[in-house]
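**Student:** Return atomic coordinates for the entry below.
(chains A, B and C)
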Amino acid sequence: MGDAFGPALERTWYARPAEAIAADLLGAVLRVTGRDGAVRAGRIVETEAYVGPHDLACHAARGRTARTEAMFGPAGHAYVYLVYGLHELFNVVTGEAGDPQAVLIRAIEPLASRGPLGEVRGDGPGRLTRLLDVDRRHYGHPLDRPPLSLHPGRAPARIVRTPRIGVAYAGAWAAEPLRFVDAESAQLSVPLSRSSPAGNSSRGARRSSRTPST
DNA sequence: TATAGGATTTAC
DNA sequence: TAAATCCTATAG
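**Tutor:** Predicted coordinates:
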């Protein structure tokens, strides 16, 4: 609920296509109460949309399983999983229940936060979860109350889209411009200068009118 | 039951 | 450029 960050985004806010949420989440603040009781937060500067079972990069493309169950549930909840046996990745479930879509949070600008072990960087999907102490214990958790919540923040001046990172196995879907970044941020997982350009040049990123800002 | 490989990060 | 590290998805 409300604290220094203001009220959390309501769960119904997320019941839209992942592509829209990925753009609108840029600038939003992720707030986490860690296992040590400390509150940590970061401003989201990079996201990726995973748009459904037909998206070959989306985990839901292989059907409904124990791991992907949360993606099939209602929007506004956390989908957290382990990759490479090492890294916890944090996603936001979007869309209507039964329609598995999610947005991966790939980078944050820390807001005066240090991780439980003194970490300071949030520029990577595995780094930000360590910094904010997010892991599978948050699986399925609603995103409108502690220990995990999202709050409106300062919207980016400019949004750029690129293909998603690390999904080369996904065939044609690997080239889709479903990664969204705050072009002004110096804390992206992969700098724009080293990101492949979006396949369709003039496809601009637009924030929807439902975007909250402060 | 066995095996391959992954929405990554770090170190050599 | 490769190792770390474990869980899931698929094959046998």
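
**Student:** Name the SS class of A:Lys161, please.
**Tutor:** That one is not Lys; residue A:161 is Arg. The local conformation at A:Arg161, judged by DSSP: H, G, I helix; E, B strand; the rest coil, is strand.

**Student:** My guess is A:Leu82 contacts A:Arg136. True?
**Tutor:** Yes. The criterion here is CB atoms under 8 Å, and A:Leu82 meets it with A:Arg136 at 6.7 Å. Backbone N, C-alpha and C define where each C-beta goes, glycine included.

**Student:** which residues do the two both contact?
**Tutor:** Each of A:Glu88 lies in contact with both A:Leu82 and A:Arg136 under the rule CB atoms under 8 Å, 6 or more residues apart in numbering.

**Student:** Spatially nearest residue to the spatially most central residue of chain A, not counting backbone neighbours?
**Tutor:** In chain A, the C-alpha nearest the mean C-alpha coordinate belongs to A:Ile105, at 2.4 Å (CA atoms, centre = their mean). Spatial nearest neighbour of A:Ile105, excluding adjacent residues (CB to CB, 6 or more residues apart in numbering): A:Phe90 at 5.2 Å.

**Student:** which secondary structure element contains the one you found?
**Tutor:** strand A:87-93 (DSSP states H and E).

**Student:** Does that strand reach DNA strand B?
**Tutor:** Yes. Using CB under 7 Å from any atom of the strand, we find that strand A:87-93 touches DNA strand B at A:His87, A:Leu89, A:Asn91.

**Student:** Need the contact partners of that strand.
**Tutor:** Contacts with strand A:87-93, where a contact means CB under 8 Å, 6+ apart, come from A:14, A:21, A:25, A:50, A:70-71, A:73-83, A:101-105, A:125-126, A:128-130, A:134-136, A:138, A:143, A:150.

**Student:** coming back round to it: what number of residues lie near the residue nearest to A:Ile105?
**Tutor:** The tally of other residues near A:Phe90 (other CB atoms under 10 Å) stands at 26.

**Student:** one step back: would you give the sheet partners of the strand holding A:Phe90, along with the direction of each?
**Tutor:** Strand pairing for strand A:87-93, using DSSP bridges, gives strand A:78-83 (antiparallel), strand A:102-110 (antiparallel).
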